[in-house]
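**Q** Give me coordinates for this.
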Amino acid sequence: MTRNRSKLGKATPAAKARSRPGLGKTIKNSGKSDSLKAVNRLPVGGKNVAKRKSNDELRPAPEQRRTATPADAPSSSVRMIEVDADREGQRLDNFLLGQLKGAPRSLVYRLMRSGQVRVDGGRCKPDQRLLSGQTVRIPPVRLPSAGAPIAASKQSLEALQSSILFEDSDLLVLDKPSGLAAHGGSGVSYGAIEALRQLRPKGKLELIHRLDRDTSGLMLVAKRRRVLLAIQEQLRVGTVDKRYLSLLAGRIEKDRFDVNAPLRKHVLSGGERMVQVSTDGKASLSRFRVLERFAECTLVEVKIETGRTHQIRVHSLYAGHPVAADPKYGDAQTNQDLRRLGLDRLFLHAASMRLRLPGEEQDRIWSAPLPEKLEQVLVRLRAEG
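**A** A predicted model of the protein is given here:
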């Protein structure tokens with residue numbers, strides 16, 4: 001198969017950042033203490049290291065914790081934080097994560113569910129968008145003390161550095177390996193964003209979007225809030241061209257097909273997320289294009305018009321062709337058959353992304369090569385005829 005080489009627009013220099021992320025104006029304290037060789041690597045425009053580290057080097061060790069910073073000191077009293085202009089429009093949960101550095105997401109969400117977090121004195125939801133001048137009540141929280149062990153080892157950080165495909169003063173583009181979560185929490189000691197913040201301790205890094213832990217490929221990280229908001233808005237309205245490579249169970253005869261089915265997310269009692277097609281779910285559209293057919297499976301490119309949790313995995317299942325090696329939604333027999341070919345991870349890879357950065361007149365295009373392990377599976381499938 002032949003693939004187009006990746007393109008990259010000219011990087012635009014940017015001035016130094018003017019504000020620190022996650023900081024607001026403290027106005028008072030109170031309370032008590034308690035708590036395919038298909039895609040080629042980019043040739044120009046960004047940091048691009050030819051030598052790749054294995055995924056295992058990037059997987060977090062169970063005993064490791066996040067890096068402690070001065071902001072990680074235990075909070076002994078209620079804080080009332082005024083939202084500054086730079087934070088306007090930010091989701092409440094992301095605002096709190098910036099204020100409570102080192103706190104796991106599970107704790108932050110528990111504080112909101114229990115009503116301990118208030119916005120202008122009223123109860124609030126994680127997805128609430130904040131307005132400049134609003135006051136957020138943050139209860140006392142026990143956070144990692146200074147001197148806590150670092151989140152990622154030196155070896156892991158070196159491997160992560162080699163996975164950065166592009167970086168300028170506005171944006172960082174990471175080729176995230178399978179097995180590394182986008183962020184820490186829910187039993188994960190650290191994720192890509194925490195490790196990147198270790199690599200860039202003086203920078204302001206914010207996740208623009210997320211990838212499932214088992215999905216590899218392109219993930220964007222903003223260094224400026226205006227870039228974060230601009231790209232997130234493009235993602236919301238569907239003007240970002242995102243394409244994935246995936247191996248699906250079964251031989252698909254159609255060259256192209258769409259799955260337009262609403263998705264609803266459920267959280268099971270143990271905290272596990274499950275998604276299913278439901279009439280009362282959120283509108284979701286995935287466009288599939290067959291790239292190569294094998295005896296018992298099919299390689300496809302998927303363009304997603306929306307960005308729902310597990311969208312490609314659930315839409316593939318709904319179409320009758322689940323993603324290969326998917327432990328949650330996949331076909332057990334197909335997964336077992338492919339394991340003998342060395343496929344021990346989800347065959348889903350974020351291969352390319354095209355978008356327009358604020359203030360620029362041309363689109364940027366980034367591509368991430370198919371991981372060697374997945375490429376080898378395709379080689380073995382071709383050899384079998």
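
**Q** what about stretch 355-369, how long is it end to end?
**A** Counting by CA to CA, to the nearest Å, you get 18 Å between the two ends of stretch 355-369.

**Q** what about residue 349, which SS state?
**A** Here residue 349 is recorded as strand under DSSP: H, G, I helix; E, B strand; the rest coil.

**Q** List the beta-bridge partners for it.
**A** Assessed by DSSP bridges, residue 349 has beta-bridge partners residue 216, residue 245.

**Q** Now do the contacts for it.
**A** 215-217, 244-246, 368, 370-371, 374 (CB atoms under 8 Å, 6 or more residues apart in numbering). Glycine gets a C-beta too; all of them are placed from N, C-alpha and C.

**Q** Check residue 381 too.
**A** Counting by CB under 8 Å, 6+ apart, residue 381 touches 294-295, 297, 341.

**Q** Just the buried ones from those residues, in PyMOL syntax?
**A** Written as a PyMOL command, the selection of buried residues from the contacts of residue 381, which uses 16 or more other CB atoms under 10 Å, is:
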select buried, resi 294+297+341
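
**Q** Serialize the contacts of residue 381 to a markdown table and add fields for distance to residue 332, secondary structure and pLDDT.
**A** A markdown table is the format used below for the contacts of residue 381 (distance: CB to CB, whole Å; DSSP: H, G, I helix; E, B strand; the rest coil; pLDDT from 0 to 100):
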| residue | distance to residue 332 | secondary structure | pLDDT |
| --- | --- | --- | --- |
| 294 | 19 | coil | 95 |
| 295 | 18 | coil | 92 |
| 297 | 14 | strand | 95 |
| 341 | 16 | coil | 93 |
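
**Q** And the furthest pair within the contacts of residue 381?
**A** Using CB to CB, those reach their maximum pairwise distance at 295 and 341, which is 11.9 Å.

**Q** Would you map the strands across the stretch 251-385 of the chain?
**A** Counting by DSSP state E, counting those that start in this stretch, the stretch 251-385 of the chain has strands at residues 256-260, 263-267, 273-277, 285-293, 297-304, 348-355, 364-367.

**Q** These: which one's closest to residue 240?
**A** The minimum distance between residue 240 and the strands of the stretch 251-385 of the chain falls on strand 348-355, with 4.6 Å, by CB to CB.

**Q** on that earlier part again, out of the strands of the stretch 251-385 of the chain, which is closest to residue 228?
**A** Nearest of those to residue 228, taken as CB to CB: strand 348-355 at 12.7 Å.

**Q** what's the angle from the closest one to strand 297-304?
**A** 30 degrees (axes from the mean of the first three to the mean of the last three CA atoms, to 10 degrees).

**Q** what separates strand 348-355 from the chain centre, distance-wise?
**A** On the basis of CA atoms, centre = their mean, to the nearest Å, strand 348-355 sits 12 Å off its chain's mean C-alpha point.

**Q** quick one: average pLDDT of it?
**A** Throughout strand 348-355, pLDDT has a mean value of 97.

**Q** Likewise for stretch 369-378?
**A** On average, stretch 369-378 scores 96.

**Q** about what we covered before: I'd like the strands of the stretch 251-385 of the chain laid out as a markdown table, including distance to residue 87.
**A** Output for the strands of the stretch 251-385 of the chain, formatted as a markdown table (distance: least, CB to CB, whole Å):
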| stretch | distance to residue 87 |
| --- | --- |
| strand 256-260 | 36 |
| strand 263-267 | 26 |
| strand 273-277 | 27 |
| strand 285-293 | 32 |
| strand 297-304 | 29 |
| strand 348-355 | 23 |
| strand 364-367 | 26 |
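
**Q** so which of these comes closest to residue 323?
**A** strand 348-355 (5.5 Å).

**Q** mind listing what's buried in the closest one?
**A** Buried-residue list, strand 348-355, by 16+ other CB under 10 Å: 348-355.

**Q** and which of those is nearest residue 237?
**A** Nearest to residue 237 among the buried residues of strand 348-355, counting by CB to CB, is residue 355 at 11.5 Å.

**Q** what about the residue nearest to that closest one when sequence neighbours are not counted, how many neighbours?
**A** Leaving aside its sequence neighbours, residue 355 sits nearest to residue 240 (CB to CB, 6 or more residues apart in numbering; 4.6 Å). The criterion is other CB atoms under 10 Å. On that basis, residue 240 has 22 neighbouring residues.

**Q** if I read this right, residue 240 contacts residue 354, doesn't it?
**A** Yes - checked against CB atoms under 8 Å, the pair residue 240 and residue 354 is within contact range at 7.1 Å.

**Q** Format the buried residues of strand 348-355 as TSV; extra columns: distance to residue 121.
**A** Shown next, in TSV, are those (distance: CB to CB, whole Å):
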residue	distance to residue 121
348	44
349	47
350	42
351	47
352	46
353	41
354	44
355	39
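
**Q** Which pair of these spans the longest distance?
**A** 348 and 355 (20.4 Å).

**Q** quick one: secondary structure of residue 235?
**A** Here residue 235 is helix, with the state taken from three-state DSSP.
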